[in-house]
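*Asks:* Next come a sequence and a model predicted from it.
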Amino acid sequence: LGRKNYLFARSHDAAQWAAVLYSFLATCKANEVEPHQWLRNTLQIIPDTKVNDLSKLLPTTP
């Protein structure tokens, strides 16, 4: 998934962001979490989340 896909990134920054996105999607898949739903739920609850509780927002199974 890596090297050949980064060939089409037009900049180093774009390739880095692609790597972040692929990593996020792989984490969701490994933990059987639906990425779109996780993102929607996280964006709704993050304003009320304390800094010490941010690890609870990671896309892992509860």
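*Replies:* Sure, I can see it.

*Asks:* Surely residue 28 touches residue 36?
*Replies:* No. In this structure residue 28 lies outside contact range of residue 36 using CB atoms under 8 Å: 9.4 Å. To be clear about C-beta, it is placed using only N, CA and C from the backbone, and glycine gets the same treatment.

*Asks:* Between those two, which is the more surrounded one?
*Replies:* Ranked by neighbour count (other CB atoms under 10 Å), residue 28 and residue 36 place residue 28 first, with 18 against 8.

*Asks:* Sketch out the low-pLDDT regions of this protein for me.
*Replies:* In the predicted model of the chain, residues 1-9, 61-62 satisfy pLDDT under 70.

*Asks:* most centrally placed residue in it?
*Replies:* Among the residues of the chain, residue 24 comes closest to the average C-alpha position under CA atoms, centre = their mean, at 3.0 Å.

*Asks:* Please name the residues that touch that residue.
*Replies:* 35, 59 (CB atoms under 8 Å, 6 or more residues apart in numbering).

*Asks:* buried stuff in the helix or strand containing it?
*Replies:* Applying DSSP states H and E as the criterion places residue 24 in helix 12-30. Neighbour-count burial for helix 12-30 flags 15, 18, 28 (criterion: 16 or more other CB atoms under 10 Å).

*Asks:* Same check on stretch 30-39?
*Replies:* Across stretch 30-39, burial judged by 16+ other CB under 10 Å covers residue 38.

*Asks:* And the contacts of that stretch?
*Replies:* Residues outside stretch 30-39 that contact it (CB under 8 Å, 6+ apart): 24-25, 27-28, 59-61.
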